[in-house]
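Participant: build me a model:
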Amino acid sequence: MLTGKYALVTGANRGIGLAILKTLAQHGANVIGGARREGSLDDVCSELSDSCGIEATPVYFDVSQPDQVKAAFQKITRITKQLDIAVNNAGIMDSSLLAMARSEDIESVFATNVFGTIYVMQYAARMMIRHKSGSIINLSSIMGVNGAEGQVVYSGSKAAIIGITRSAAKELAPYQIRVNAIAPGFIDTDMVSSISEEIRRERVDSIKIQRIGTPEDVANCTLFLASDNAAYVTGQVVGVDGGMLV
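Facilitator: Take a look at the predicted model:
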């Protein structure tokens, strides 16, 4: 489905990002995995190269740091001159009530989730514009669509992703670059592993499909949006939430 294409996935060393990296590689894409922690993707990329017969390359950088993003894309342009897919998955969560949110935590969340997404999109779009094709996929959240108590900062950052996505979709459409967002619901990742069994049960009970989502559920939606099967889809926010908002 993606044979011969090059895809960048940020935050690719665990959870949803790792599932996306693997899924794109399994469908033929040459993948570039981005992560902050040096060495965290070395083994994964080596395994994907061997098992999928594609090129898998790690690039280590912090999306919240403009200089590091610039340096990362200098490396990427040495790997490929044509970037076909960019998945902005890197993100952090800080849970706090509105009155208790510290300025440094607000700045940290927005620096990664919002500014980091914009920085990566800038460089990815420049590469895609040259070839007049490409797909950019940004990870928002159900909290960015519907809000959540105790998540003003995180929800705000993910709501910003929706505005960024729709604006970029309008701006880049003349270059045949599609920009979409995915809004995952309650997904079984490290972010939710620490919650109590009681709260987990309550969350699952609110999901119409009656199960917690998996990183692979999000990865499969990403695969569709990255592929030519979604050639006429842009500016959309796709909920992967099992019917939580139905």
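Participant: okay, the helix or strand of the chain with the lowest mean pLDDT in PDB with CA atoms only?
Facilitator: Using mean pLDDT, DSSP states H and E, the weakest-scoring helix or strand in the chain turns out to be helix 197-205, at a mean of 75. Output in PDB follows, covering the C-alpha atoms of helix 197-205 (Å, rounded to 0.1, in the frame of the first residue of the first chain):
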ATOM      1  CA  GLU A 197      -9.100  -0.300  37.900                       C
ATOM      2  CA  GLU A 198     -12.300   1.500  39.000                       C
ATOM      3  CA  ILE A 199     -11.700   4.500  36.700                       C
ATOM      4  CA  ARG A 200     -10.600   2.200  33.900                       C
ATOM      5  CA  ARG A 201     -13.900   0.300  34.200                       C
ATOM      6  CA  GLU A 202     -15.900   3.600  34.200                       C
ATOM      7  CA  ARG A 203     -14.100   4.700  31.000                       C
ATOM      8  CA  VAL A 204     -14.700   1.400  29.200                       C
ATOM      9  CA  ASP A 205     -18.400   1.600  30.200                       C
END
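Participant: buried residues, stretch 177-197. List them.
Facilitator: 177-189, 191-192 (16 or more other C-beta atoms under 10 Å). Glycine gets a C-beta too; all of them are placed from N, C-alpha and C.
Participant: end-to-end on that stretch?
Facilitator: 43 Å (C-alpha to C-alpha, to the nearest Å).
Participant: can you pull the poorly scored residue ranges out of the protein?
Facilitator: Applying pLDDT under 70 to the chain flags residues 191-196, 199.
Participant: mind naming the longest strand for it?
Facilitator: strand 177-184 (DSSP state E).
Participant: show me what that one is packed against.
Facilitator: helix 116-131, strand 134-139, helix 142-146, helix 152-172, helix 215-226, strand 237-240 (3 or more C-beta pairs under 8 Å, 6 or more residues apart in numbering; DSSP states H and E).
Participant: out of these, deepest packed?
Facilitator: Ranked by mean neighbour count, those are led by strand 134-139 with a mean of 26 (mean count of other C-beta atoms under 10 Å).
Participant: what strands line up against that one, and which way round?
Facilitator: strand 85-88 (parallel), strand 177-184 (parallel) (DSSP bridges).
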